[in-house]
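*Asks:* Quick one, fold the following:
(one chain, ligands or ions: 1)
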Amino acid sequence: MRVDFNPADMSPNKFYKLLTATVVPRPIAWVSTIDPYSGCANLAPHSFFSIASVTPPVVQFSSVGRKDTLRNIEATGEFVVNFTPEELFEQINDTATDFPHGVSEFEAAAIEVEPSLRVKPPRVAASPVAFECELHSTLRIGDGTVVFGRVVHAVVSDDVLVDGHPEISKLRPLSRLGKNEWGTVSGVRDLARIRHEDWQGPAADR
Ligand SMILES: Cc1cc2nc3c(=O)[nH]c(=O)nc-3n(C[C@H](O)[C@H](O)[C@H](O)COP(=O)(O)O)c2cc1C
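*Replies:* Next up is the predicted model:
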């Protein structure tokens with residue numbers, strides 16, 4: 001038996017809870033930006049996050065509603081996506097607090113900054129990966145705005161690299177699940193894609 005849900009019959013909030021509980025696990029973009037008027041550095045997690053394009057390298061995240069992060073990016077055309085490792089769990093959550101405009105989450109949550117190479121917003125010093133981005137475009141959909149950022153520089157801490165490649169057991173990413181749940185990577189399985197010439201029938205029959 002299956003249970004049907006029609007978004008037209010449900011409150012937006014109820015359907016949002018269904019979506020966020022089932023589109024899981026979601027990687028988290030920890031987005032740093034700068035207010036161009038005050039110079040205040042802003043930091044906030046966004047889990048509606050993915051890769052939009054490989055060539056050129058473009059990442060995307062969605063702002064639900066108009067928040068400081070979105071306003072700063074529209075005004076400056078720059079942002080940094082910082083990686084969210086397990087060891088920064090509570091600090092990441094601290095930066096999702098709805099501090100008043102003008103309060104820097106870096107200062108409020110005591111998060112150390114480091115300068116970026118190609119953009120003005122700083123990186124999170126303790127995060128092992130950062131993508132420095134220039135705004136590519138935005139797309140407004142309903143109450144959301146999808147922000148596309150062209151990655152102009154990437155930096156990775158050497159202690160998460162094995163043979164020059166980021167290693168999942170060292171990265172230890174946090175993800176967002178439903179409700180107030182967060183995910184950790186507890187098991188990794190390896191399976192290569194099958195080329196058509198090697199196809200030996202459906203998995204259930206092999
Ligand atoms: C793990 C996590 C993921 C979040 N993902 C999003 C998201 O994808 N989009 C969004 O608009 N807000 C998201 N939020 C909420 C924002 O982080 C929060 O509204 C924050 O205060 C926005 O900060 P700002 O006003 O400084 O931009 C998320 C919060 C948490 C804790």
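*Asks:* So which residues on this structure come close to the ligand?
*Replies:* Applying C-beta under 6 Å from any ligand atom, we find that the chain lies next to the ligand at 28, 42, 44-48, 62-64, 67-69, 93, 96, 98, 176. All C-beta spots, glycine's among them, are computed from the backbone N, C-alpha and C.
*Asks:* Filter these down to the ones in strands?
*Replies:* Counted as lying in strands by DSSP state E, out of the residues of the chain next to the ligand, are 42, 44-46, 62-64, 176.
*Asks:* Include neighbour count and pLDDT when you put the residues you listed into JSON lines, please.
*Replies:* Putting those into JSON lines (neighbours: other C-beta atoms under 10 Å; pLDDT from 0 to 100) gives the following:
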{"residue": "42", "neighbour count": "25", "pLDDT": "98"}
{"residue": "44", "neighbour count": "21", "pLDDT": "98"}
{"residue": "45", "neighbour count": "21", "pLDDT": "98"}
{"residue": "46", "neighbour count": "23", "pLDDT": "99"}
{"residue": "62", "neighbour count": "19", "pLDDT": "98"}
{"residue": "63", "neighbour count": "23", "pLDDT": "98"}
{"residue": "64", "neighbour count": "13", "pLDDT": "98"}
{"residue": "176", "neighbour count": "23", "pLDDT": "98"}
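*Asks:* Now do the end-to-end distance for stretch 75-83.
*Replies:* One end of stretch 75-83 sits 23 Å from the other (C-alpha to C-alpha, to the nearest Å).
*Asks:* Please identify the helix or strand for the nearest residue to residue 34 once chain neighbours are set aside.
*Replies:* Nearest non-adjacent residue to residue 34, counting by C-beta to C-beta, 6 or more residues apart in numbering: residue 121, 4.8 Å away. Following DSSP states H and E, one finds residue 121 outside all helices and strands.
*Asks:* ok, now which ones touch residue 121?
*Replies:* Residue 121 sits next to 32-34, 41-42, 72, 76, 78-80 when contact means C-beta atoms under 8 Å, 6 or more residues apart in numbering.
*Asks:* thinking again about what came up before, tabulate the ones in strands among the residues of the chain next to the ligand in JSON lines, adding columns for distance to residue 164.
*Replies:* JSON lines is the format used below for these (distance: C-beta to C-beta, whole Å):
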{"residue": "42", "distance to residue 164": "32"}
{"residue": "44", "distance to residue 164": "31"}
{"residue": "45", "distance to residue 164": "28"}
{"residue": "46", "distance to residue 164": "28"}
{"residue": "62", "distance to residue 164": "32"}
{"residue": "63", "distance to residue 164": "34"}
{"residue": "64", "distance to residue 164": "37"}
{"residue": "176", "distance to residue 164": "29"}
